[in-house]
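Asker: My questions concern the predicted model and sequence given below.
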Amino acid sequence: MINDTPEDNETMMALESQLCFALYATQLSMSKLYRRLLKRLDLTYPQYLVMQVLWQDDHLTVSSIGEHLSLDSATLTPLLKRLEGAELVRRERAREDERQVEVSLTDKGRALRCQALGLPAQVQQAAGCSAQEMAALRDQLNALKKRLDNA
């Protein structure tokens, strides 16, 4: 619904009234927190996301990982190369279609999952939210993303 009065429109234009800024500022804070937490794993946040995808479903193509994370292969390739250099993943051409690159975890990459298991609880504690509140926020954000994607 669009506001009818110029005063309403002016209020909505204020930076502190903008949902986009609240999301942006929150993401900056979340990234700062994850940077600190992931330091001991020697991962960046984007690398952590790739590892999470592979911890859930090992042996995926680059394009499949990209679909999970909404990233293109040009963005993913350098991430995967760094993860491969750290001996956390292995990249190989698919046997049935050499245009596809398959990514799988190494033993070291699988073992890193054990070290990462406590991260969600640490984020929850830092946020000062219950598990139910975190789930509700996540669900609201996922719903908002879906509506924005469809707009």
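Answerer: Noted; the coordinates are in hand.
Asker: in the protein, which ranges drop under the pLDDT threshold?
Answerer: 1-7 (pLDDT under 70).
Asker: tell me the helices in it, going along the chain?
Answerer: Secondary structure of the chain (DSSP state H): helices at 6-13, 19-38, 45-56, 62-69, 73-85, 107-116, 119-127, 131-150.
Asker: So which of those helices is nearest Arg99?
Answerer: Closest approach to Arg99 among the helices of the chain (CB to CB): helix 62-69, 9.7 Å. For the C-beta atoms, the positions are set from N, CA and C on the backbone; glycine is no exception.
Asker: Now tabulate the helices of the chain in a markdown table and tack on distance to Arg91 and mean neighbour count.
Answerer: Converted to a markdown table, the helices of the chain look like this (distance: least, CB to CB, whole Å; neighbours: other CB atoms under 10 Å):
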| stretch | distance to Arg91 | mean neighbour count |
| --- | --- | --- |
| helix 6-13 | 47 | 10 |
| helix 19-38 | 22 | 13 |
| helix 45-56 | 11 | 18 |
| helix 62-69 | 8 | 17 |
| helix 73-85 | 6 | 15 |
| helix 107-116 | 12 | 14 |
| helix 119-127 | 25 | 13 |
| helix 131-150 | 29 | 10 |
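Asker: can you tell which of these is closest to Val101?
Answerer: helix 62-69 (4.7 Å).
Asker: got JSON lines for the helices of the chain, with distance to Arg93 too?
Answerer: Below are these laid out as JSON lines (distance: least, CB to CB, whole Å):
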{"stretch": "helix 6-13", "distance to Arg93": "52"}
{"stretch": "helix 19-38", "distance to Arg93": "30"}
{"stretch": "helix 45-56", "distance to Arg93": "18"}
{"stretch": "helix 62-69", "distance to Arg93": "11"}
{"stretch": "helix 73-85", "distance to Arg93": "13"}
{"stretch": "helix 107-116", "distance to Arg93": "19"}
{"stretch": "helix 119-127", "distance to Arg93": "32"}
{"stretch": "helix 131-150", "distance to Arg93": "32"}
